[in-house]
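In: just need the structure, nothing else, for what follows:
(one chain, ligands or ions: 1)
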Amino acid sequence: MNDIGPIPHAPLHTGAMPLFEFHRTLLSDVSAQDEFRRALCAIIHGGESVLDVGTGTGLHAMFACQAGARIVYAVDQSPIVELAKAIGAANGFDERITFIYGAIQDTELPERVDVITTHLGLSDTLAILPDVAARHLRPTGVVVPASADLFVAPVECFRADEQIRFWDKPHYGLDFTPVRPLASRSRYSCRITVDDLLACGARVASLNFRKPSTRLQATAQFEIHRDGVLHGIGLWYIEHLIDGISISTGPSSAVDPKLWPNQFLPADEPIHVRQGDTIGIHVEAAECLAGDWRWQILV
Ligand SMILES: C[S@@+](CC[C@H](N)C(=O)[O-])C[C@H]1O[C@@H](n2cnc3c(N)ncnc32)[C@H](O)[C@@H]1O
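Out: Alright, predicted model coming up:
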C-alpha cells in the first residue's frame, strides 16, 4: 500500500492560492456536499470500510467517519492530501483515515471496501469508477454516485452565441473569420438557465458507474414551447448518489456552475423557431463522453 508521502511541497507553499481557491469553492458548494453527506449517512451504519477517491480536503472521508465508518482510505493525486491529513487529525479522525498520496489507478489497498465515494464530475467518474469498483469493492459494496442521467435541450443562449459571433467581427482592423467554422463546431462550458430553454430537456443517456461506458449515440425530439432563436444545444446531467438522493447540474440547480458547468453545442447558424415547432437533436460522443462530440439539429 502506498502510504502518504513523499509529497512535493512547492505546490502548497508557493503559488498555492489556486489550489486553496479550488477547495474553498468545493467546500462552499453546500447543496452538493450536503447531498453527499446525506447519502453517506444513509448507507454507512457502523463498521464499514470506505474508499474516498479524490479526497481533496478529506470532507467525504470525514463524513464517512461521522457516519460510523471503521476505516477510510482517502486517496488524492494532489498535494492537498498533505493538508487533508492535518485536517483529519484536527477533527480527531487520524486513527480512522489512512491518507494516500497518488493516482487511484496506481493505488493498492489492503482490503476490498464496502463503500466507494467520489466527486469528480461526470466524465472523470465514468472514466475511473468502473475500474476502481472492479478492483477495490466487495461484491456487496456500494458506489456513490451510483449512476447518472444525461439531458439535452434546444436553447436560446445569447451569452454562448456571443463567443462564436466574436470570430465574425474584425478585431484591430484584422479578419479572424477563418476561425469561425471551427468555433461553431466546438463545445463550450456555460450555465444553462431555465430562461434559456426553448423546450423541456430530454434524457439521452442513463449511465451506470459500475459499468464501463460505451459510445453515446442518441436522438431526441422536442416541441418548442416559445418563439425564440435557437442558438444551440444545452447539455447537463443528474448524478444519482444513492436511490432517492441526487445532484442536478441542470437549469434550476443550486450547485456551483464554476465547478460543474453545463455544456453548449452551437448550431451552425442561429435558427428562428416558433412555439409548437418540432425539432430533433442528435448527439454522439466517445466513451466516457470525452474528446470530440458530434451533433446535429434537425429542423
Ligand atoms: C472535485 S475534487 C473533489 C474533492 C473532494 N472530494 C470534495 O468533494 O471536496 C476532485 C479531487 O480528485 C482528485 N483526483 C482526480 N483524479 C484523481 C485520480 N485519478 N486519483 C486520485 N485523485 C484524483 C483531484 O486531485 C481533486 O483533489
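
In: what is the end-to-end distance of stretch 269-279?
Out: Stretch 269-279 has an end-to-end distance of 15 Å (criterion: CA to CA, to the nearest Å).

In: can you pull the buried residues of that stretch?
Out: For stretch 269-279, burial by neighbour count (16 or more other CB atoms under 10 Å) applies to 270, 271, 273, 277, 279. For the C-beta atoms, the positions are set from N, CA and C on the backbone; glycine is no exception.

In: just checking, which of these belong to strands?
Out: Among the buried residues of stretch 269-279, the ones falling in strands (DSSP state E) are 270, 271, 273, 279.

In: look up how far residue 156 lies from the third one.
Out: Residue 273 sits 9 Å away from residue 156, going by CB to CB, to the nearest Å.

In: do the same with the second one
Out: Plainly put, residue 271 is 10 Å away from residue 156 if you go by CB to CB.

In: do the first one as well
Out: Taking CB to CB as the criterion, residue 270 is separated from residue 156 by 9 Å.

In: how about the residue nearest to residue 289 when sequence neighbours are not counted, phi and psi?
Out: Closest residue to residue 289 apart from its sequence neighbours, by CB to CB, 6 or more residues apart in numbering: residue 123 at 5.0 Å. Main-chain torsions, residue 123, degrees, to the nearest 10: phi -70, psi -40.

In: next one: the helix or strand hosting residue 60 to chain centre, how far?
Out: Take DSSP states H and E as the rule and residue 60 turns out to sit in helix 59-67. Distance, stretch centre to chain centre, for helix 59-67: 21 Å (CA atoms, centre = their mean, to the nearest Å).

In: and it, which residues are buried?
Out: By neighbour count on 16+ other CB under 10 Å, the buried set for helix 59-67 is 59, 60, 61, 62, 63, 64, 65, 67.

In: other SSEs contacting that helix?
Out: If contacts are counted by 3 or more CB pairs under 8 Å, 6 or more residues apart in numbering; DSSP states H and E, helix 59-67 sits against helix 30-43, strand 49-53, strand 71-76, helix 80-90, strand 97-101, strand 113-118.

In: what's the separation between the residue of the chain positioned farthest from its centre and the ligand?
Out: Ranked by distance from the centre of the chain (CA atoms, centre = their mean), the top residue is residue 173, with 40.3 Å. Noted for residue 173: a distance of 43 Å to the ligand, by CB to the nearest ligand atom, to the nearest Å.

In: same check, this time on residue 69
Out: 15 Å.

In: go on, residue 242?
Out: Counting by CB to the nearest ligand atom, the gap from residue 242 to the ligand is 16 Å.

In: spatially nearest residue to that residue, not counting backbone neighbours?
Out: Leaving aside its sequence neighbours, residue 242 sits nearest to residue 39 (CB to CB, 6+ apart; 4.8 Å).

In: quick one, what contacts that neighbour?
Out: 144, 241, 242, 245 (CB atoms under 8 Å, 6 or more residues apart in numbering).

In: enumerate the residues of the stretch 101-250 of the chain near the ligand.
Out: 103, 104, 105, 119, 120, 128 (CB under 6 Å from any ligand atom).
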